[in-house]
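In: Provided below are the primary sequence and the corresponding predicted coordinates.
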Amino acid sequence: MNRASVMKQIKTHLLMGTLVLGAAFSVSAQTPATPAAAAEPKAAAPEASKAGALGVQSANIFSIAPDANTDPKYADQNNGERDKVQPGNNAPMWRQVGAGVNGYTSLPASVAPEAGNLIQPFVQYPGSKLTTAGEAWRQVRNNWIIPYGGSLLLIVVLAIALFYYGKGTMKLHGAETGRKIERFTPLERAAHWTNAIAFVLLAVSGVVIAFGKYFILPVIGTTLFGYFTYFLKNVHNFAGPLFAVSLIIVFFTFIKDNWPSKEDITWMLKGGGMFSGHEVPSHRFNAGEKVVFWLGVLGLGVIVVASGLVLDMLIPGLIYERSTMQIANMIHGVATVLMMAMFLGHIYMGTIGMQGAYSAMRTGYVDETWAKEHHELWYNDIKAGKIPAQRSPEAVAHGGAASTSASA
Ligand code: HEM
């Protein structure tokens, strides 16, 4: 090797050494404290430098310590401990909030008992998963009450339509006599009509609140639907108390003639004779009407009114927390759907289903033929003088002829 080539080799090694050392320095200057930072995505660099220029340090919490969750105590870390390995990762805090932990707010507990609680604790309602109460309520309402309740109502409407299509209106078999029996006194009709009108207002507004977004919103759009539902919600709030009061009056007005009797068993066993065409004799109200009275008016009535008044925040002394409202809403939803299903049948029989029934509700009177064909035992008692044919002072004053044109 000559001198010139030796010098050339030395120069080359020096140059390489300088390059390697320079590279090493520059790498060590950029090397982060943790291996995690080495994985920092390059794309984040301009962002970081921009933020740094503004004095704000940003960091990707997934990059600070990507293997932090391999620590066996990872899941038990509090927010401070988590912050050390993954700054900005507030999962422990949010887990606590979601677990129903109470914090502090300046609202007095007497006014807002759960004001310090942001997210309700875990609960499992029938039909929901074990989850935070708000979500559990949402699951019960949206996965069960709305789809199954809506389906039940549609099935009942369809069944009534098919029944009407197949059977038509139940007509009187005999000719009318023109002699009238007072079926409902003015007080009974006033209570019944008030209750019926309030019921229809509540049912229509309630159906729009619960199901309207599926069949009205797509037609009229969000703005109109918003105003429409807001209006109906106020109708619902005002009709509710009216319904409650008239329901109590209806209950005490009609209880006397709704006590079960032994003839009700025969009526039930034969389904009222609805399919045989021979109506089973009954007293003033038949067993079907008595079921509506006890289960619908009393049973469901109490549940619907009580839950409705809770939703209206009208029950004094009750503490209105979110869970109170969620439970009241679920109970109200189920009971009102059952009530609507039951009363749809009742309304059908009182209007287009049976000739003469609606005019009894309108005028208070029925023809003797109607009484004999539909409530034979009641008719027999009237004929035997056990029950007066005219009960109200008005009807007595008119000698029962108050409305000889009252048949329909
Ligand atoms: C005393 C009687 C009643 C009161 C005080 C009452 C009150 C209420 C209240 C405050 C709501 C909540 C409305 C909202 O979301 O802002 C509601 C919902 C509802 N009500 Fe009533 N209500 C009563 C009777 C009825 C009756 C008789 C029916 C049916 C015939 C009915 C059907 C409904 C329905 C379907 C909902 C919607 C439930 C839902 O969206 O989950 N309510 N009611």
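Out: Done, it's in. Residues are numbered from 1 along each chain as shown.
In: What residues does this protein have near the ligand?
Out: When proximity is defined by Cβ under 6 Å from any ligand atom, the chain lies next to the ligand at 141, 199, 202-203, 206-207, 209-210, 233, 236-237, 240, 243-244, 304-305, 308-309, 311-312, 329, 332-333, 336, 339-340. Every C-beta, even on glycine, is put in place using the N, C-alpha and C of the backbone.
In: of those residues, buried ones?
Out: Applying 16 or more other Cβ atoms under 10 Å to those, the neighbour count classes 141, 199, 202-203, 206-207, 210, 236, 240, 243-244, 304-305, 308-309, 311, 329, 332-333, 336, 339-340 as buried.
In: from the residues you listed, which ones fall inside helices?
Out: Among these, the members found in helices (DSSP state H) are 199, 202-203, 206-207, 210, 236, 240, 243-244, 304-305, 308-309, 311, 329, 332-333, 336, 339-340.
In: Give the buried residues for stretch 345-352.
Out: For stretch 345-352, using 16+ other Cβ under 10 Å, the buried residues are G345, H346, I347, Y348, M349, G350.
In: can you redo these as a markdown table with secondary structure, pLDDT and distance to A133?
Out: What follows is the buried residues of stretch 345-352, written out as a markdown table (DSSP: H, G, I helix; E, B strand; the rest coil; pLDDT from 0 to 100; distance: Cβ to Cβ, whole Å):
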| residue | secondary structure | pLDDT | distance to A133 |
| --- | --- | --- | --- |
| G345 | helix | 96 | 36 |
| H346 | helix | 96 | 36 |
| I347 | helix | 97 | 37 |
| Y348 | helix | 97 | 39 |
| M349 | helix | 94 | 42 |
| G350 | helix | 95 | 41 |
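In: For those residues, give me a markdown table that also has distance to H192.
Out: What follows is these, written out as a markdown table (distance: Cβ to Cβ, whole Å):
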| residue | distance to H192 |
| --- | --- |
| G345 | 16 |
| H346 | 11 |
| I347 | 12 |
| Y348 | 16 |
| M349 | 14 |
| G350 | 10 |
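In: of these, closest to the ligand?
Out: Comparing these against the ligand with Cβ to the nearest ligand atom picks out I347 as the nearest, at 11.0 Å.
In: wait, what's in contact with that closest one?
Out: Residues near I347 by Cβ atoms under 8 Å, 6 or more residues apart in numbering: A196.
In: how close does it get to Y358?
Out: When distance is defined by Cβ to Cβ, to the nearest Å, I347 is 10 Å away from Y358.
In: before we move on, what about M342?
Out: M342 sits at a distance of 19 Å from Y358 (criterion: Cβ to Cβ).
In: more neighbours, those two?
Out: Ranked by neighbour count (other Cβ atoms under 10 Å), M342 and Y358 place M342 first, with 18 against 15.
In: G296 is in contact with that one, correct?
Out: Yes: with contact defined as Cβ atoms under 8 Å, M342 and G296 form a contacting pair (4.6 Å).
In: ranges for the helices of the stretch 151-300 of the chain?
Out: Under the criterion DSSP state H, counting those that start in this stretch, the stretch 151-300 of the chain contains helices at 186-215, 217-254, 263-269, 287-291.
In: I'd like these as CSV, with mean pLDDT appended.
Out: Shown next, in CSV, are the helices of the stretch 151-300 of the chain (pLDDT from 0 to 100):
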stretch, mean pLDDT
helix 186-215, 97
helix 217-254, 97
helix 263-269, 93
helix 287-291, 96
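In: ok, and which of these has the densest surroundings?
Out: Using mean count of other Cβ atoms under 10 Å, the stretch among those with the largest mean neighbour count is helix 287-291, at a mean of 20.
In: so what does that helix touch, helix or strand wise?
Out: Helix 287-291 makes packing contacts with helix 263-269 when contacts are defined by 3 or more Cβ pairs under 8 Å, 6 or more residues apart in numbering; DSSP states H and E.
In: 10 Å instead, please
Out: helix 263-269, helix 322-348 (3 or more Cβ pairs under 10 Å, 6 or more residues apart in numbering; DSSP states H and E).
In: then that helix to CSV, C-alphas only?
Out: Taking C-alpha atoms only, helix 287-291 is exported to CSV below (Å, rounded to 0.1, in the frame of the first residue of the first chain):
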residue,chain,number,x,y,z
ALA,A,287,-119.3,-10.2,32.6
GLY,A,288,-117.2,-8.6,29.8
GLU,A,289,-118.2,-5.2,30.9
LYS,A,290,-117.4,-6.1,34.5
VAL,A,291,-113.9,-7.2,33.5
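In: mind listing what Q120 touches?
Out: Neighbouring residues of Q120 by Cβ atoms under 10 Å, 6 or more residues apart in numbering: 98-100, 114, 131-137, 321-323, 326.
In: and the closest residue to it other than its chain neighbours, what are its phi and psi?
Out: Among residues not flanking Q120 along the chain, A133 sits closest, at 3.7 Å (Cβ to Cβ, 6 or more residues apart in numbering). Dihedral angles of A133 (phi, psi; degrees, to the nearest 10) stand at phi -60, psi -40.
In: Relative to I319, how far out is A133?
Out: As defined by Cβ to Cβ, A133 lies at a distance of 15 Å from I319.
In: who's more crowded, those two?
Out: Using other Cβ under 10 Å as the criterion, A133 and I319 rank with A133 on top: 21 against 9.
In: Would you mind listing the residues in contact with that one?
Out: Counting by Cβ under 10 Å, 6+ apart, A133 touches 100, 119-125, 321-323, 326-327.
In: how near is it to the ligand?
Out: Distance, A133 to the ligand, using Cβ to the nearest ligand atom, to the nearest Å: 16 Å.
In: go on, A115?
Out: Distance from A115 to the ligand, by Cβ to the nearest ligand atom: 21 Å.
In: How much space separates that residue from E321?
Out: Summarising the geometry, the distance separating A115 from E321, computed by Cβ to Cβ, is 10 Å.
In: now swap in M339 and tell me
Out: Counting by Cβ to Cβ, the gap from M339 to E321 is 26 Å.
In: Also L311?
Out: Here the criterion is Cβ to Cβ. By it, L311 lies 13 Å from E321.
In: With P108 instead?
Out: Distance, P108 to E321, by Cβ to Cβ: 15 Å.
In: Okay then, goodbye and thanks.
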